[in-house]
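1. Turn this into a structure:
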Amino acid sequence: MAPATPTRREILLVVILFLILRSLTYKSDASRVLNVPNPLTSSAQSISSDTSTNNSAYRNDYHYLDAHLTWGSSPVPQTRVLSHAPGMCWTVFDNLYILKGIVYIVSDEPSRVPNVTHMYSKGLFIENGEEAVASRLPADEDIRVISTKQAKALFGNGAHLLDGVNVRPSFRPPNAPLTFFIKYFINDPYQFVTHYYHWSAELWFGLWHTYASLDLRIPDDGETSLPPVRRIMFNHLDAYHWRDYASMNEWVIRAGFPSLVMEFKDDWRDRAEMGRPFVFDRVVLADRSASMLAHNFARFQRSASASFGMPGSAHWWMTMRNNVIQFTGLDISVGSGTMDTPVITYISRQEWGRRMLIKEDHEKLVEELYKLRDQYGFEINVVAAEKMSRLEQFELAARTTIMMGVHGNGLTSLIWMKPTPRTTVMEFFFPGGFAFDYEYTTRALGMTHYGFWGNEYFTSPGLPEPKYVEGFQGNSIPLDGALVARLCLERLLLAGEVDD
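-> Numbers count the residues shown, from 1 in each chain. This is a model prediction of the structure:
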């Protein structure tokens with residue numbers, strides 16, 4: 001007898017049973033996939049553990065990103081000032097809030113909060129005069145100090161985390177502290193940003209020194225316990241006005257922190273127009289205008305100098321320096337020996353058209369330097385920075401023992417030199433003129449600087465007052481090349497010195 005044809009009801013039951021079984025199998029497979037450690041984000045220990053372990057053993061190791069800081073009915077987490085020196089603009093904050101383009105410091109002890117005029121401004125172009133200074137001072141539309149009660153009324157029960165740091169790696173114990181992804185927040189216009197010196201030896205100098213004040217044990221190799229910088233925000237700068245004419249700025253930032261995300265005023269405006277609160281879990285705040293109120297700025301006219309009111313390791317800059325040098329392909333130890341062949345680099349401006357030595361004095365200097373090469377075997381480089389590739393500039397600076405040149409942007413590369421007892425910068429001025437730019441930068445790195453006025457030289461602490469005399473920017477700067485060569489010899493043949 002032929003088998004009975006399945007009824008419609010039986011067919012429906014079989015289909016339903018099949019779908020149920022299919023669903024259960026898919027969930028099991030998906031669970032196994034979701035719980036396989038990612039070799040790019042997990043530790044070797046977690047990856048090498050017994051894969052036969054029940055999947056449930058992995059589940060407690062994963063802590064998913066929480067991009068929202070929620071306090072519910074509790075008080076709003078107060079802002080903490082982790083690092084700040086009196087009268088300076090460079091500050092490290094925990095829990096700094098922004099809402100509708102206004103910065104909020106939440107504190108129930110406002111008297112303990114540093115003066116906001118020493119931390120923040122309106123971010124306007126810097127011009128001279130009392131009226132211009134007053135116009136840059138911040139108002140309530142820029143920054144406010146509010147209580148936790150006021151913050152609760154403004155923010156509600158939470159704020160969106162910029163970088164959402166509530167991530168705990170699987171190889172760390174559940175009670176391990178959270179990792180802070182540091183941010184840089186720069187409240188400056190493009191006025192000084194689009195210049196290699198001001199970008200690298202002022203802005204990045206100050207930002208990194210401020211952040212490095214949280215790790216006082218940075219060694220010579222630059223290794224630090226500080227998490228890398230992940231985001232830099234410019235609230236008055238667009239994406240087209242941060243690069244310099246020599247294209248050095250982008251090399252510094254891409255080599256120093258390859259994973260850095262950059263945001264600009266359009267991004268700042270986006271968040272402001274959303275009308276929702278955001279919070280920096282940890283951030284370094286910089287403001288050039290505010291730095292000009294600091295005592296150190298009055299002394300040195302360098303915005304980064306204000307950050308040196310905070311403590312720091314003697315090797316604080318080596319993290320940045322070594323990152324950039326490694327990016328060029330060189331070893332970070334390059335330039336560190338005091339027994340290797342010294343490298344003297346003269347950065348000439350003779351074809352630049354402004355701020356140049358007298359032609360005969362330039363030629364005499366080159367002649368005297370080549371005598372040092374022939375008699376002592378020193379490596380001599382006479383270069384024009386504008387004719388070198390960016391890579392060549394970084395590589396040569398890293399190897400240089402003595403760098404010299406007329407006051408100018410080319411000397412900025414001194415920040416890639418390796419500080420040793422012999423490392424020296426020699427800067428040529430028109431007699432009577434002086435600026436702290438490269439002198440202060442050299443000394444901040446623990447190196448020695450000499451300024452030259454024709455046939456005389458000076459060094460700290462016997463420095464002249466800053467002055468832009470007539471002839472400072474001219475093309476007839478006198479120099480005694482033989483004197484420069486003699487000082488080079490003295491610096492390179494120091495008795496009793498040994499390798500670092």
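
2. would you list every one of the helices in the stretch 201-350 of the chain?
-> Secondary structure of the stretch 201-350 of the chain (DSSP state H, counting those that start in this stretch): helices located at 205-212, 249-256, 265-274, 288-291, 295-300, 318-328.

3. Tell me where the stretch 401-500 of the chain has helices.
-> Ranges of helices in the stretch 401-500 of the chain, per DSSP H, counting those that start in this stretch, are 437-444, 481-492.

4. In contact with Thr441: list those residues for me.
-> Ala201, Phe205, Arg302, Ala304, Thr412, Leu414, Ile415 (Cβ atoms under 8 Å, 6 or more residues apart in numbering). C-beta: built from backbone N, CA, C; applies to glycine.

5. From Asn323, how far out is the residue nearest to the last one when sequence neighbours are not counted?
-> Nearest residue to Ile415, sequence neighbours excluded (Cβ to Cβ, 6 or more residues apart in numbering): Ala201, at 5.7 Å. According to Cβ to Cβ, to the nearest Å, Ala201 stands 16 Å off from Asn323.

6. Neighbour count: these two, which is higher?
-> Ala201 (27 against 17; other Cβ atoms under 10 Å).

7. correct me, but that one touches Asn409?
-> No. Taking contacts as Cβ atoms under 8 Å, Ala201 lies outside contact range of Asn409: 10.0 Å.

8. Now list whatever residues contact both of those two.
-> With contacts defined as Cβ under 8 Å, 6+ apart, no residue is shared by Ala201 and Asn409.

9. Tell me if Phe125 really is in a strand.
-> No. If the criterion is DSSP: H, G, I helix; E, B strand; the rest coil, then Phe125 is coil and not within a strand.

10. which of the helices of the stretch 201-350 of the chain is buried the deepest?
-> Highest mean neighbour count of the helices of the stretch 201-350 of the chain: helix 288-291, a mean of 27 (counted as mean count of other Cβ atoms under 10 Å).

11. Could you name the helices and strands sitting against that helix?
-> If contacts are counted by 3 or more Cβ pairs under 8 Å, 6 or more residues apart in numbering; DSSP states H and E, helix 288-291 sits against no helix or strand.

12. For that helix, give the mean pLDDT please.
-> In this model, helix 288-291 has a mean pLDDT of 84.

13. Put the alpha carbons of that helix into PDB.
-> Taking Å, rounded to 0.1, in the frame of the first residue of the first chain, the C-alpha atoms of helix 288-291 are listed here in PDB:
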ATOM      1  CA  ARG A 288      48.700  80.300  24.100                       C
ATOM      2  CA  SER A 289      46.900  83.500  25.000                       C
ATOM      3  CA  ALA A 290      46.500  82.300  28.600                       C
ATOM      4  CA  SER A 291      50.200  81.400  28.800                       C
END
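
14. before we move on, the earlier item: for Val81, which of the helices of the stretch 201-350 of the chain is the nearest?
-> Set against Val81 and scored by Cβ to Cβ, the helices of the stretch 201-350 of the chain come closest in helix 205-212, at 11.8 Å.

15. tell me the angle that closest one makes with helix 249-256.
-> Interaxial angle of helix 205-212 relative to helix 249-256 (axes from the mean of the first three to the mean of the last three Cα atoms, to 10 degrees): 20 degrees.

16. How far off centre is helix 205-212?
-> 7 Å (Cα atoms, centre = their mean, to the nearest Å).

17. Gln325 touches Ile332, doesn't it?
-> Wrong residue type there; residue 325 is Ile, not Gln. Yes. At 5.5 Å, Ile325 counts as touching Ile332 under the criterion of Cβ under 8 Å.

18. Ranking helices and strands of the protein by mean pLDDT, which lands last?
-> Ranked by mean pLDDT, DSSP states H and E, the weakest helix or strand in the chain is helix 44-48, scoring a mean of 33.

19. For the stretch 201-350 of the chain, give me the ranges with low pLDDT.
-> Applying pLDDT under 70 to the stretch 201-350 of the chain flags the ranges 295, 298, 337-338.

20. can you check the stretch 51-200 of the chain too?
-> Counting by pLDDT under 70, the ranges of the stretch 51-200 of the chain that qualify are 51-66, 86-88, 164-181.

21. Tell me if Asp361 really is in a strand.
-> No. Under the criterion used here (three-state DSSP), Asp361 is helix, not part of a strand.

22. contacting residues around it?
-> Contacts for Asp361 (Cβ under 8 Å, 6+ apart) come out as Ile477, Pro478, Leu479, Asp480, Gly481.

23. Tell me which residues touch Ala159, please.
-> Contact partners of Ala159, counting by Cβ under 8 Å, 6+ apart, are His68, Leu69, Tyr97, Arg276, Pro277, Phe278, Val279.

24. Narrow the residues you listed to those that are buried.
-> Leu69, Tyr97, Pro277, Phe278, Val279 (16 or more other Cβ atoms under 10 Å).

25. and of those residues, the nearest to Arg349?
-> Distance ranking of these against Arg349, using Cβ to Cβ, places Phe278 first at 46.0 Å.

26. And the buried ones among the contacts of Ala159, which is closest to Ser291?
-> Tyr97 (22.7 Å).

27. Count the neighbours of the nearest residue to the closest one once chain neighbours are set aside for me.
-> Distances taken as Cβ to Cβ, 6+ apart place Tyr104 nearest to Tyr97, at 4.1 Å, with adjacent residues excluded. Counted with other Cβ under 10 Å, the neighbours of Tyr104 add up to 23.

28. what element comes up after the helix or strand containing Tyr104 heading to the C-terminus?
-> Tyr104 belongs to strand 102-106 when elements are defined using DSSP states H and E. Where DSSP H and E defines the elements, the next helix or strand beyond strand 102-106 is helix 130-135.

29. so can I have CSV of the helices of the stretch 201-350 of the chain showing distance to Trp242?
-> Below are those laid out as CSV (distance: least, Cβ to Cβ, whole Å):
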stretch, distance to Trp242
helix 205-212, 14
helix 249-256, 6
helix 265-274, 11
helix 288-291, 14
helix 295-300, 22
helix 318-328, 17
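
30. Out of these, the one nearest Ser121 is which?
-> Ser121 lies closest to helix 288-291 among those, at 3.8 Å (Cβ to Cβ).

31. quick one: contacts of the closest one?
-> 88-90, 117-124, 126, 136, 187-188, 192, 202-203, 206, 297, 303, 306.

32. Can you tell me which of those residues are classed as buried?
-> The neighbour-count criterion (16+ other Cβ under 10 Å) marks 88-90, 117-123, 126, 136, 187-188, 192, 202-203, 206, 297, 303, 306 among the contacts of helix 288-291 as buried.

33. Verify the stated contact: Val81 with Val92.
-> Yes. Counting by Cβ under 8 Å, Val81 does reach Val92; the two are 7.4 Å apart.

34. between these two, which one's more packed in?
-> Val92 (20 against 16).

35. Quickly find the element holding that one.
-> strand 91-99.

36. Can you list the strands that that strand pairs with?
-> strand 80-84 (antiparallel), strand 102-106 (antiparallel), strand 278-286 (antiparallel) (DSSP bridges).

37. among the helices of the stretch 201-350 of the chain, which is nearest Arg144?
-> With Cβ to Cβ, the closest approach to Arg144 among the helices of the stretch 201-350 of the chain belongs to helix 265-274: 14.5 Å.

38. With just CA atoms, put that closest one into CSV.
-> Extracted C-alpha coordinates of helix 265-274, given in CSV (Å, rounded to 0.1, in the frame of the first residue of the first chain):
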residue,chain,number,x,y,z
LYS,A,265,36.4,73.5,14.6
ASP,A,266,33.8,71.9,12.4
ASP,A,267,33.8,68.9,14.8
TRP,A,268,33.7,71.2,17.8
ARG,A,269,30.7,72.9,16.2
ASP,A,270,29.0,69.6,15.5
ARG,A,271,29.1,68.7,19.2
ALA,A,272,28.0,72.1,20.2
GLU,A,273,24.9,72.0,18.0
MET,A,274,23.9,68.6,19.3
